[in-house]
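*Asks:* Coordinates only, no sequence provided:
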């Protein structure tokens, strides 16, 4: 019985390398156009089924977007949302925003739209009576897990959220109870950096604000 | 300049061990009561600052809950929510639900309540104009990252969502614009399993439902 399998030892070397992986994961917006082997994508899609999910509901739904017309619609959606967002910034901040590259929709060979199936019955409702948002949270956790596993293989991932999610959902013709959680650009990055693009281009530095802030 | 640091190579051995880590992460509800070194918790809290966040907003806020009266209030909150949830199940399913151990609030030496600071200005609003839920999603991704990093050290983590989040927020007296994302029990697990407790106790098996389901 699988339960009795001896657990692996994750030694100090592995822990240190995992910390490096967490440090070197990046939100990638500059991709090479070379294809990604389907077997690698399948392997990663299988692996992230083991991500945590409330009630073991596995509510994530992965939609591979390859059709040129749909990709063009998503790119137009991004451009409109990005132009509207730019209007909210003034002067230097607006000029800086306009110079940022905020999505890799142009070159990334693989696009995955990741949805939460809010209507799933898998898990029998366990853990979502008082916090129904746990289904969405499970999908976000899966994306974080995927991001690390992909980066370990050298693949870059970018999470695009500058989109009208209703319009994107309509473009992709998915069931109405599926909620868009993430639109992912996936491919081989043009270059590797340890610092995020938003830090490098002085949009937002890192802080320690997220450390333990209250003792209760 | 840090950007020019040579990226590490994550070789096939590391990738295989990362897959094992993802497979052996568990939602732990059975903890030993031995203390967890504060230095280890601090290390993990620092490491997960490198998790992805929209606009580099780092919106997670970690609250360490140690006060016995507050812990008792959270336990009471769980017991009420769990009793109410039980009422939704009938016959065998209800009997099975009643036998499940769904939280480790009794023995876990460390409790962290993880909030999203929805009022943060860090990130200057980048990426949240059309999808404001990205702040919450960033916090859920941080929890998934933390879970893996903790498991690599041997620590167990359990995510408790059978709680009235408003009541828990009141118990913990945090700012009103903080949204409870996760209540985590943290400690050394009593035992290790490769299969989730909900699978082992036949609540919900794993499916392949989350693999690529649509091509668009």
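*Replies:* Yep, that arrived. Source: prediction; values computed, not measured. Numbers count the residues shown, from 1 in each chain, chains lettered A, B, ... in the order given.
*Asks:* now the closest residue to residue A:30 other than its chain neighbours: how far from residue A:203?
*Replies:* Of all residues not flanking residue A:30 in the chain, residue A:190 sits nearest, at 4.2 Å (C-beta to C-beta, 6 or more residues apart in numbering or on different chains). Where C-beta positions appear, they are placed from N, C-alpha and C, glycine not excepted. To residue A:203, residue A:190 is 19 Å away according to C-beta to C-beta, to the nearest Å.
*Asks:* Neighbour count: those two, which is higher?
*Replies:* Between residue A:190 and residue A:203, counted using other C-beta atoms under 10 Å in any protein chain shown, residue A:203 has the larger neighbour count: 20 against 14.
*Asks:* who touches that one in this structure?
*Replies:* Each residue near residue A:203 by C-beta atoms under 8 Å, 6 or more residues apart in numbering or on different chains is listed here: A:96-97, A:100, B:55-56, B:124, B:126.
*Asks:* partners of the lengthiest strand in chain A in the sheet?
*Replies:* The longest strand of chain A (DSSP state E) is strand A:178-187. In the sheet, strand A:178-187 lines up against strand A:110-117 (antiparallel), strand A:156-160 (antiparallel) (DSSP bridges).
*Asks:* quick one: which of the contacts of residue A:203 is nearest to residue A:31?
*Replies:* Of all these, residue A:100 has the smallest distance to residue A:31: 16.1 Å, by C-beta to C-beta.
*Asks:* what about the closest one, neighbour count?
*Replies:* By other C-beta under 10 Å, neighbour count at residue A:100 equals 15.
*Asks:* how far away is it from residue A:120?
*Replies:* As judged by C-beta to C-beta, residue A:100 and residue A:120 stand 36 Å apart.
*Asks:* Can you tell me which helices and strands the least confident helix or strand in chain A by mean pLDDT packs against?
*Replies:* The weakest-scoring helix or strand in chain A, judged by mean pLDDT, DSSP states H and E, is strand A:212-215 (a mean of 84). When contacts are defined as 3 or more C-beta pairs under 8 Å, 6 or more residues apart in numbering or on different chains; DSSP states H and E, strand A:212-215 sits against helix B:38-47, strand B:60-64.
*Asks:* What confidence value was assigned to the closest residue in space to residue A:119 that isn't next to it in sequence?
*Replies:* Leaving out its chain neighbours, the residue that sits closest to residue A:119 by C-beta to C-beta, 6+ apart is residue A:177, at 3.7 Å. Looking at residue A:177, its pLDDT reads 96.
*Asks:* Please apply the same query to residue A:56.
*Replies:* pLDDT, residue A:56: 97.
*Asks:* before we move on, what about residue A:180?
*Replies:* The confidence metric pLDDT takes the value 98 at residue A:180.
*Asks:* Residue A:67 now?
*Replies:* On the pLDDT scale, residue A:67 is placed at 98.
*Asks:* if I look at it, how far off is residue A:111?
*Replies:* 10 Å.
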